[in-house]
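Sharing a sequence plus its predicted fold:
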Amino acid sequence: MTLRPFEQIVTEYGPMVLRVCRAVVGPADAEDAWSETFLAALRAYPGLPEDTRVEAWLVTIAHRKAIDAARAGARRPVAVGRVPESGRALTGGRAGDEGAAPPDGGDRASGTLRDAGQWDADLWAALKALPHRQREAVAYHYLAGLPYKEIAAVTGGTPEAARRAAADGIRSLRKSCTRRTREDERGERR
């Protein structure tokens, strides 16, 4: 059997991989993780066994690239408006100024620019609030369509744990979205 041209793989699975990257690493780093995923996949593609499920293989690569992006993000310097006094925690602005917007005009809760759609910002904020395992399980199952057995292989757990993490994540997202909808409705009535 001959392998399909890699361009077809990118065309077919690219949007799914980008959705997964956005859900796992956030909108700010998603495109970099997507590019890194497909660069690594391109290098490994010629040696791919014939019976490999390409979708799961790409999600595995994206998962590893997301871990790399998170590690790189932890090492990046944080731009601040003013350097805090020594001995105080760095909070993205003045010491103790947790609510300040980042200097680039972004929205701290969502990691997106202020002019981005509010729905996307709210959804990302809700996803970001999930524990890491739940966020991955939700992204891999509901955005990439992977079965729980393959999610377990990617994340290093059992299918039951992946199913539980996805269910807990969806439940948390529903609660969060319902709470925000009620708050929005109350705000409109006033």
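Yes, it's here.

Please make it C-alpha for all contacts and neighbour counts, starting now.
Noted.

quick one, helices of this structure?
Secondary structure of the chain (DSSP state H): helices at 6-25, 27-44, 54-75, 118-129, 132-138, 148-155, 159-189.

Just name the most buried of those helices.
Counting by mean count of other C-alpha atoms under 10 Å, helix 132-138 has the highest mean neighbour count of those, with a mean of 24.

Can you tell me which helices and strands that one packs against?
Applying 3 or more C-alpha pairs under 8 Å, 6 or more residues apart in numbering; DSSP states H and E, one finds that helix 132-138 contacts helix 6-25, helix 159-189.

What ranges in this protein fall below the confidence cut-off?
1, 83-120, 180-190 (pLDDT under 70).

Let's see that with 50 instead.
87-116 (pLDDT under 50).

centroid residue for it?
Centroid-nearest residue in the chain, with C-alpha atoms, centre = their mean: Val24, separated by 1.9 Å.

Chain neighbours aside, what residue packs nearest to that one?
Excluding the flanking residues, the one nearest Val24 by C-alpha to C-alpha, 6 or more residues apart in numbering is Glu136, at 5.9 Å.

Tabulate the helices of the chain (TSV), appending distance to Arg82.
Output for these, formatted as TSV (distance: least, C-alpha to C-alpha, whole Å):
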stretch	distance to Arg82
helix 6-25	27
helix 27-44	23
helix 54-75	20
helix 118-129	26
helix 132-138	31
helix 148-155	39
helix 159-189	33
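
so which of those gets nearest Gly81?
helix 54-75 (19.1 Å; C-alpha to C-alpha).

The closest one - contacts with which helices or strands?
Judged by 3+ C-alpha pairs under 8 Å, 6+ apart, helix 54-75 is in contact with helix 6-25, helix 27-44, helix 148-155.

Recalculate using a threshold of 6 Å.
Counting contacts by 3 or more C-alpha pairs under 6 Å, 6 or more residues apart in numbering; DSSP states H and E, helix 54-75 packs against helix 27-44.

related to what we said a few turns ago, with distance to Lys65 as extra columns, can I get the helices and strands packed on helix 132-138 in a markdown table?
Converted to a markdown table, the helices and strands packed on helix 132-138 look like this (distance: least, C-alpha to C-alpha, whole Å):
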| stretch | distance to Lys65 |
| --- | --- |
| helix 6-25 | 9 |
| helix 159-189 | 20 |
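
Next, count neighbours for Arg76.
8 (other C-alpha atoms under 10 Å).

What separation do you get for it and Ala28?
In this view, Arg76 and Ala28 are 13 Å apart by C-alpha to C-alpha, to the nearest Å.

for Leu3, same thing?
To Ala28, Leu3 is 33 Å away according to C-alpha to C-alpha.

what's the answer for Arg64, then?
As judged by C-alpha to C-alpha, Arg64 and Ala28 stand 17 Å apart.

Could you do Gly47 as well?
32 Å.

who wins for proximity to Tyr140 among the helices and strands packed on helix 132-138?
For those, distance to Tyr140 was read as C-alpha to C-alpha. The smallest value, 6.5 Å, belongs to helix 6-25.
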